[in-house]
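Student: Make a model of this:
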Amino acid sequence: MDLSIIDLASQAIAANVGKLEEAMLKEEQVDCPVQHHFYPGIYMREVHIKAGTFSIGHYQKTRHLNLFLKGSVNFIHEDGRSEILKAPMIFMSDPGRKVGFILEDMVWLNAYATDETEVHKLEETYLDKSNVWYKAQPNIDTTEDQEDFKTMLNEYGLTAEQVRQESERTEDLIPFPEGPISVAVMESPIEGKGLFTMANINEGDLIAPGRVNGKRTPAGRYINHSKNPTAVLIETPEGVNFVAKRDLQGNKGGYLGDEITIDYRTAIELSRRNI
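Tutor: Below you'll find the predicted structure:
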């Protein structure tokens, strides 16, 4: 085979990443589970991608550490060079976009020195998501959820402003516990910000802790109300967990996973029992 063909293809891809991203987002997306790791002074974003996938990452704004733990990838540099990378590798990379064809099932981590633990703030700091990506996100009709939210307010004699003020309180907030977590706070079609799955979660499995020893985690703060919730609240000796009410779809290629929601009625009743 004439290897110059690969070089020419790589150069064409590097020069037209934006157009390629737009075209690829119109195609069927594949599972692309992401886990977020939080440790003192360190945030790591872990992504798993299956062999046979052509992948375009978001633009990285900063120089950062890469931990390539598993697999191999035909990596296309921004200058059009093509290179086969094989795990394990640890290296620094400059700002830019990672583009490549996954040759063997891949596990890749990006690591950042930071004390921030809210994923939406981390992504705003380190990633630049294109307008094409934002436009490709599916439109979800949340009319039923919003109407049921109003009904719930009337049932309990509450106002939307009271609920918002409760969400915005910060004196009882804590980060997620140390270790990996497969959820993220993102812009929600229901209201403000919401909690989304970043990896597939099976019915009955733990999604995230919502309250630990009387303190709220980001999940407890940002989870939205739904008439048909995707999660239930389970009391534990330490607090309250969110558990999947059905199988949940995680991050899928260029799309966010399912939004995690609860029926606020159950949260209110639980709170009243514990007063």
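Student: which of the residues in whichever strand or helix holds Thr266 are buried?
Tutor: Taking DSSP states H and E as the definition, Thr266 sits inside helix 264-273. Residues of helix 264-273 classed as buried: 264, 267 (neighbour count, 16 or more other C-beta atoms under 10 Å). Yep, even glycine has a C-beta here, placed from its N, CA and C like the rest.
Student: can you list contacts of that helix?
Tutor: 149, 152, 155-156, 163, 225, 232-233, 235, 240 (C-beta atoms under 8 Å, 6 or more residues apart in numbering).
Student: which residues of the chain fall in helices?
Tutor: Counting by DSSP state H, one finds helices in the chain at the ranges 4-15, 17-24, 119-126, 131-136, 143-156, 160-168, 218-222, 264-273.
Student: where exactly do the strands run in the stretch 1-150 of the chain?
Tutor: Per DSSP state E, counting those that start in this stretch, the stretch 1-150 of the chain carries strands over the ranges 34-39, 42-49, 54-56, 59-60, 64-76, 82-86, 89-93, 99-113, 127-128.
Student: Redo these as JSON lines? Include distance to Asn139 and mean neighbour count.
Tutor: Shown next, in JSON lines, are the strands of the stretch 1-150 of the chain (distance: least, C-beta to C-beta, whole Å; neighbours: other C-beta atoms under 10 Å):
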{"stretch": "strand 34-39", "distance to Asn139": "23", "mean neighbour count": "18"}
{"stretch": "strand 42-49", "distance to Asn139": "26", "mean neighbour count": "19"}
{"stretch": "strand 54-56", "distance to Asn139": "22", "mean neighbour count": "19"}
{"stretch": "strand 59-60", "distance to Asn139": "24", "mean neighbour count": "17"}
{"stretch": "strand 64-76", "distance to Asn139": "32", "mean neighbour count": "18"}
{"stretch": "strand 82-86", "distance to Asn139": "37", "mean neighbour count": "14"}
{"stretch": "strand 89-93", "distance to Asn139": "34", "mean neighbour count": "11"}
{"stretch": "strand 99-113", "distance to Asn139": "28", "mean neighbour count": "18"}
{"stretch": "strand 127-128", "distance to Asn139": "23", "mean neighbour count": "14"}
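Student: what bridges to Tyr43?
Tutor: Note on Tyr43: beta-bridge partners Phe38, Tyr112, judged by DSSP bridges.
Student: shouldn't it be in contact with Tyr112?
Tutor: Yes: in this structure, Tyr43 is within contact of Tyr112 by C-beta atoms under 8 Å, at 4.9 Å.
Student: Find the residues that touch each one of these two.
Tutor: Leu122.
Student: What residues does Asp172 make contact with?
Tutor: 214-216.
Student: run the last query once more with 7 Å
Tutor: If a contact means C-beta atoms under 7 Å, 6 or more residues apart in numbering, then Asp172 has 215-216 as its contacts.
Student: ok, now how distant is the nearest residue to Leu25 once chain neighbours are set aside from Met186?
Tutor: Closest residue in space to Leu25, ignoring its immediate chain neighbours: Ala136 at 4.1 Å, by C-beta to C-beta, 6 or more residues apart in numbering. Ala136 sits 14 Å away from Met186, taking C-beta to C-beta, to the nearest Å as the criterion.
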